[in-house]
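J.: Got a predicted structure here, sequence first:
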Amino acid sequence: METRESIQRIADAMNAAVLGQQEVVERILVALLANGHVLMEGLPGTAKTRSVKTLSHLVESKFGRVQFTPDLLPSDVTGSEIYREQNGTFEFQPGPIFANLILADEINRAPAKVQAALLEAMEERQVTVAGQTHKLPDLFLVLGTQNPIEQEGTYPLPEAQMDRFLLYVRIDYPAASDELGILQLVRGEKSGEAGDPPPAIPQDVVFDARRQVNAVQVAPAAEQYMVDLVMGTRNPAALSGDLPKWVRLGASPRGTLALDAASRAHAWLAGQDFVSPDNIRAVAPACLAHRVHLTYEAEAAGVTRPQVIEELLKQVVPA
């Protein structure tokens, strides 16, 4: 089976298990192919956890879950040195971060020290404990979730950590027709009527897909369009409308790199060997929304970050 067919099989299986969230499934696969992390924000019960668990069943991988709470310690995530009385030595006991697919549930409930420990793991793909550096697996993907309605006992993610996520995905409620399908799907699973999931694909298939994604061509005009979008967030005064009043701080260079990586993956999933402006526009909200910081005026008016990127896409057009 060809690499793209294997990845498409994962997409089909995820869409069958997570109804009404096709865009979310696509974003997760884009992050998997682009070797990045995903921050998912949504109300309870919108299949955030189910999405990650389903992916872990479809790819040969070790699944790790960390339920973040205010009393969590960095060692609860990274692991710690354990003293072995038998031989009088210390031995490193890996934490849940040493898995392939990590569900960082309610990540904004983690205190600052835990968030700092997670930063190194996400960016450097390694952790340091007791002066020793331990490498994380080659297939390593963090999917962080946060609940937008419960702010008591939370620690808002700092800009530095938000920037570590390749994509930001907002999960909405499913449509009424999908809600009916969810009811029937879960009922079938509980009664044992659900069919067996397809066999998990080897990790080598994912690595081969990543090599093909890296080979997708990006024309100079497409590169310039990415830069223009990022520059639009940094210098909104050069644009018209409400953008100058809405944007306080624009995207970092990681925003440009995220657009490049995600648009290549999006194009590859569509069967293209080049990046088009449509690919860039498709991933721009997920790549830039969490990297744009709003003014107090915008927040008071109820303007959201995705709305800002939507307006940006209307004003900044490819050459």
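T.: On my side now, so go ahead. Residues are numbered from 1 along each chain as shown.
J.: quick one: residue 69 from residue 108, how far?
T.: Residue 69 is 11 Å from residue 108, where distance means Cβ to Cβ, to the nearest Å. Just so you know, the C-beta spots here come from the backbone N, C-alpha and C atoms, and that holds for glycine as well.
J.: need the strands for the stretch 51-200 of the chain, in chain order.
T.: For the stretch 51-200 of the chain, applying DSSP state E, counting those that start in this stretch gives strands covering 63-67, 79-84, 89-94, 101-105, 126-129, 132-135, 141-146, 167-171.
J.: more crowded one of residue 69 and residue 108?
T.: residue 108 (22 against 14; other Cβ atoms under 10 Å).
J.: Touching, the more buried one and residue 156? I think so.
T.: Yes: counting by Cβ atoms under 8 Å, residue 156 is a contact partner of residue 108 at 6.1 Å.
J.: sorry, back to before: nearest approach to residue 295 belongs to which of the strands of the stretch 51-200 of the chain?
T.: Nearest of the strands of the stretch 51-200 of the chain to residue 295, taken as Cβ to Cβ: strand 167-171 at 19.0 Å.
J.: could you dump that closest one to CSV, C-alpha only?
T.: Presented in CSV, the C-alpha positions along strand 167-171 are these (Å, rounded to 0.1, in the frame of the first residue of the first chain):
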residue,chain,number,x,y,z
LEU,A,167,-1.3,24.5,15.2
TYR,A,168,-4.1,25.8,17.2
VAL,A,169,-7.5,24.1,16.7
ARG,A,170,-10.8,25.3,18.0
ILE,A,171,-13.3,22.5,18.4
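J.: contacts for that strand?
T.: 21, 23-24, 27-28, 30-31, 36-43, 46-48, 162, 258, 262, 283, 286-287, 289-290, 305-306 (Cβ atoms under 8 Å, 6 or more residues apart in numbering).
J.: Show me just the buried residues among those residues.
T.: Taking 16 or more other Cβ atoms under 10 Å as the criterion, what is buried in these is 21, 24, 27-28, 30-31, 36-42, 46-48, 162, 258, 262, 283, 286-287, 289-290, 305-306.
J.: Would you state the helices of the stretch 101-250 of the chain in chain order?
T.: With DSSP state H, counting those that start in this stretch as the criterion, the stretch 101-250 of the chain has helices at 112-124, 159-162, 176-190, 203-214, 220-234, 243-246.
J.: I'd like to know how far residue 311 sits from residue 241.
T.: 6 Å.
J.: that older thread, looking at the strands of the stretch 51-200 of the chain, spot the one closest to residue 298.
T.: Closest of these to residue 298 is strand 167-171, at 16.7 Å (criterion: Cβ to Cβ).
J.: roughly how far is that closest one from the heart of the chain?
T.: Strand 167-171 sits 7 Å away from the centroid of its parent chain (Cα atoms, centre = their mean, to the nearest Å).
J.: angle of that strand against strand 141-146?
T.: On the basis of axes from the mean of the first three to the mean of the last three Cα atoms, to 10 degrees, strand 167-171 is oriented at 40 degrees to strand 141-146.
J.: tell me the average confidence for strand 167-171?
T.: Taken as a whole, strand 167-171 carries a mean pLDDT of 89.
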